[in-house]
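**Q** Provided below for reference: sequence and predicted model.
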Amino acid sequence: MTRTRILLASLAVVLAFSLLINLRLGSVVSVAAQEAVTSTSTVIASPTNNGGSAEWTISTDAFVSKFPRGGEFSLKASSSAGKITSAFAFFQVGTAKSRRRATAQLDQDTGTWIGRWDITNIPPFVPMSYYWVITDEAGNTYQTDLKDTSYADNDNEWIRSETEDIIIYQEPGLPDIYVQKTLEAMAFQRDFYLKHWGTLLKYKPVAVLYNGYQRWSAWRPGIAGGNTSIGGERNTFTVGQALTDYGVFVGTARYNSAELSPDKYAFGIILHEIGHLYQGQNGGFFGASMPLWFSEGDAEFFNAYMPEVNGELRTARVYAQEGRLPRLMDIGDNGLLSYFVGVSFWTWLTEAYGDDIHLQIVQRLAKNKNWRDALEETTGRNFLDLETEFRQWLGIEEAAPPTSLPTLTPPPFFATPTFAPTKTPKP
Ligand SMILES: [Zn+2]
């Protein structure tokens, strides 16, 4: 066992927590926004009689990102009916359904209305859109056109790439091969995503590819130090995370002086994380109330780095045949098991019930169906029977799940000649 493998095995432990924490981060963010969060629809209906009886002139309408601490909306406008008395910037960040509102103050010196957005903990280059609603002293109200912008990191140099599948911001120094492989992987997997989700992402995801932890630390202090004792395991390093609320993947192929191969990073980690973005789009149900093995296994189903996936499948078999495989519902938040058992479950499910089973299940999930009901309805089998079939497939002779689980001692390392599940840990 090489040192690298030990590290990789450790990574998976942390990864387990990634989606849940992402979701939590998202909700904290919306609550913490300055000013009240409005719940207006994301579709901006052009108001009837926009502007009232006044003539409106807009001379400045801008958003300046102050990443990593939010940004500033500025508006210079005038009405033929009198002074402007209030101005609000309504803005949407990432894939959030609701808009936030920044109450602007008039800068008397410049005559510019300034609305501040104070935030931390959001990655750079999250897409944004906004519009203003302004009112004059005669009571006329005007809504400006919707503008697209980005929570850009203007303090650092970035190399931008874009294809029909993804937008990449690459930190200089990270070898181009990681970007090339990422673009390749996204194109390679496009049809597979489409087939299994029924639709592509409705937005173009953003990937921020760091060359280490320094820039990452700007909005995630402490990320460089690794994660100690997560899951009772060794120190681990986060190599990537999907932020489903923002449609953004961030990660680095270089951690703790080691690095991931470009193929493994792009076809393994990134495609897995993009899988989480699809989950987020699909009604947002993945990860909320469903077990980790189900959601992480599903994301891992989109990993196209086959040496790794095949290794996970082998590991699940070894566990099963050695009597170390717990019942599915007893896996809990064990990240190691969630990955290789979860991906084995989804692989078995499509082999046993047809390749369209995934789409059928997620369509039920998208309609608020509980994950277990969706699974049982789609297959026509109850969960216990499904689990028994799954265990048979893994080579267990006495396939009915045990009534009490074997002691869950996370493996000290992967003893079998497999690749450890590696995804994207996040503390
Ligand atoms: Zn994951």
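**A** Right, received. Where do you want to start? Numbers count the residues shown, from 1 in each chain.
**Q** just checking, what packs against the helix or strand where L277 lies?
**A** In this structure, L277 sits in helix 271-281 according to DSSP states H and E. The contact analysis (3 or more Cβ pairs under 8 Å, 6 or more residues apart in numbering; DSSP states H and E) places helix 271-281 against helix 18-32, helix 176-197, strand 240-243, strand 248-252, helix 292-300. (Glycine included, C-beta is placed from N, CA and C.)
**Q** roughly how far is that helix from the heart of the chain?
**A** 6 Å (Cα atoms, centre = their mean, to the nearest Å).
**Q** Report the angle between that helix and helix 176-197.
**A** 40 degrees (axes from the mean of the first three to the mean of the last three Cα atoms, to 10 degrees).
**Q** Let the chain start at 57 from now.
**A** In the new count, where the first residue is 57, that last one comes out as helix 327-337.
**Q** average pLDDT across helix 327-337?
**A** Averaging pLDDT along helix 327-337 gives 95.
**Q** Equivalent analysis for stretch 283-294, please.
**A** In the prediction, stretch 283-294 has an average pLDDT of 61.
**Q** Give me the distance between the two termini of it.
**A** 8 Å (Cα to Cα, to the nearest Å).
**Q** Quick check: which of the helices and strands packed on helix 327-337 has the most neighbours on average?
**A** strand 296-299 (a mean of 29; mean count of other Cβ atoms under 10 Å).
**Q** Sheet partners, orientation included, of that strand?
**A** strand 304-308 (antiparallel) (DSSP bridges).
**Q** Pull the residues that contact stretch 235-250.
**A** Residues from elsewhere that reach stretch 235-250, judged by Cβ atoms under 8 Å, 6 or more residues apart in numbering: 215, 217, 219, 221-222, 224, 226, 256-257, 263, 265, 318-319, 321-323, 326-327, 330-331, 334, 358, 360.
**Q** how about 6 Å then?
**A** 217, 219, 221-222, 224, 226, 256, 318, 322-323, 326-327, 360 (Cβ atoms under 6 Å, 6 or more residues apart in numbering).
**Q** So which of these wins on neighbours?
**A** I326 (33 neighbours; other Cβ atoms under 10 Å).
**Q** And T434, how close does it get to the ion?
**A** 22 Å (Cβ to the ion, to the nearest Å).
**Q** count of residues packed around the nearest residue to G324 once chain neighbours are set aside?
**A** Excluding the flanking residues, the one nearest G324 by Cβ to Cβ, 6 or more residues apart in numbering is Y361, at 3.5 Å. Neighbourhood size, Y361 [other Cβ under 10 Å]: 23.
**Q** what sits against Y361?
**A** Per Cβ under 6 Å, 6+ apart, neighbours of Y361: 320, 323-324.
**Q** returning to that earlier point: I'd like the contacts of stretch 235-250 laid out as a markdown table, including distance to Y234.
**A** Formatted as a markdown table, the contacts of stretch 235-250 follow (distance: Cβ to Cβ, whole Å):
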| residue | distance to Y234 |
| --- | --- |
| S217 | 11 |
| T219 | 15 |
| D221 | 15 |
| I222 | 13 |
| I224 | 9 |
| Q226 | 8 |
| L256 | 23 |
| P318 | 5 |
| A322 | 7 |
| F323 | 11 |
| I326 | 9 |
| L327 | 14 |
| A360 | 16 |
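**Q** just these now: which is nearest S394?
**A** L327 (17.4 Å; Cβ to Cβ).
**Q** re earlier: for the helix holding L333, which positions count as buried?
**A** 327-337 (16 or more other Cβ atoms under 10 Å).
**Q** Specify which member of these is nearest to L369.
**A** H328 (15.0 Å).
**Q** Go ahead and confirm that closest one touches A355.
**A** Yes. Contact status for H328 versus A355: in contact at 4.9 Å, counting by Cβ atoms under 6 Å.
**Q** would you turn the helices and strands packed on helix 327-337 into TSV with distance to R156?
**A** Listed next are those as TSV, based on distance: least, Cβ to Cβ, whole Å:
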stretch	distance to R156
helix 74-88	7
helix 232-253	28
strand 296-299	17
strand 304-308	17
helix 348-356	28
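**Q** These: which one's closest to G410?
**A** helix 232-253 (11.8 Å).
**Q** what lines up beside the helix or strand that the closest one is followed by in the sheet?
**A** Per DSSP H and E, helix 232-253 leads on to strand 262-266 as the next helix or strand towards the C-terminus. Note on strand 262-266: by DSSP bridges, its sheet partners are strand 223-226 (parallel), strand 304-308 (parallel).
**Q** picking that back up, check what contacts the helix holding L333 and list those residues.
**A** 75, 241, 245, 253, 261, 296, 298, 300, 305, 342, 355-356, 358-360, 479-480.
**Q** Disregarding flanking residues, what is the spatial nearest neighbour of the residue of the chain found nearest the ion?
**A** Across the chain, the shortest distance to the ion (Cβ to the ion) belongs to A355, at 4.3 Å. Leaving aside its sequence neighbours, A355 sits nearest to G331 (Cβ to Cβ, 6+ apart; 3.8 Å).
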